[in-house]
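Peer 1: sequence? don't have it. structure:
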């Protein structure tokens with residue numbers, strides 16, 4: 001299992017706007033074999049799960065390790081995950097979620113939780129976050145070597161950097177009171 005891919009899928013799930021079955025099918029665009037199995041119950045289940053998972057990303061971004069661990073443990077308790085060793089590539093044995101899930105949403109939730117739990121154990125509990133660009137509320141998984149990620153995408157990063165640059169330029173262009181001509185200083 002590529003736990004980072006599963007963890008990033010969890011972030012994508014939270015960032016997706018899944019309002020109906022068509023939206024879920026769009027979200028599963030690269031997993032065509034699941035399309036015919038999707039139902040409105042999957043949509044409702046995934047929306048509830050996203051609401052329950054978001055506080056874990058917020059807590060991680062706030063360096064609240066206890067809440068991250070407690071939140072993931074609570075979700076793992078409510079949504080048990082059954083991993084299995086995949087041998088489709090004998091030179092690269094790895095974990096997958098067992099395909100015993102009763103629904104598409106259960107499979108996606110299991111993958112998300114297995115990926116996040118593994119990521120937290122391997123890379124640390126503060127590798128998740130909420131985008132720092134206002135008004136964006138998307139979440140992200142930080143796999144950078146120095147744990148420096150603050151934005152969900154390059155677009156948000158660029159937008160925030162441009163806004164900060166413009167704000168600095170605006171402040172720099174306003175003359176100080178002692179720099180104003182005498183007639184304007186009064």
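Peer 2: Nice, I can see it. Keep in mind it's a predicted model, so treat the numbers as computed, not measured. Residues are numbered from 1 along each chain as shown.
Peer 1: residues making contact with the top helix by length along the chain?
Peer 2: Across the chain, the longest stretch assigned as helix under DSSP state H is helix 40-61. Residues from elsewhere that reach helix 40-61, judged by C-beta atoms under 8 Å, 6 or more residues apart in numbering: 10-11, 13-14, 18-21, 23-24, 67-68, 71-72, 75, 79, 103-106, 108-109, 112, 116, 125-130, 139. Every residue, glycine included, has its C-beta placed from N, CA and C.
Peer 1: mind checking how far residue 67 is from residue 90?
Peer 2: As judged by C-beta to C-beta, to the nearest Å, residue 67 and residue 90 stand 40 Å apart.
Peer 1: brain fart, residue 110
Peer 2: Distance from residue 110 to residue 90, by C-beta to C-beta: 24 Å.
Peer 1: of those two, who's got more company?
Peer 2: residue 110 (23 against 6; other C-beta atoms under 10 Å).
Peer 1: Just the buried residues of the helix or strand hosting the more buried one, please?
Peer 2: Residue 110 is located in helix 104-123, with elements delineated by DSSP states H and E. By 16 or more other C-beta atoms under 10 Å, the buried positions in helix 104-123 come out as 104-120, 123.
Peer 1: any idea which helix or strand comes after the helix or strand in which residue 72 is found?
Peer 2: In this structure, residue 72 is located in helix 65-78 according to DSSP H and E. Per DSSP H and E, the first helix or strand lying C-terminal to helix 65-78 is strand 83-86.
Peer 1: partners of that next one, with directions?
Peer 2: Partner strands for strand 83-86, per DSSP bridges, with pairing direction: strand 94-97 (antiparallel).
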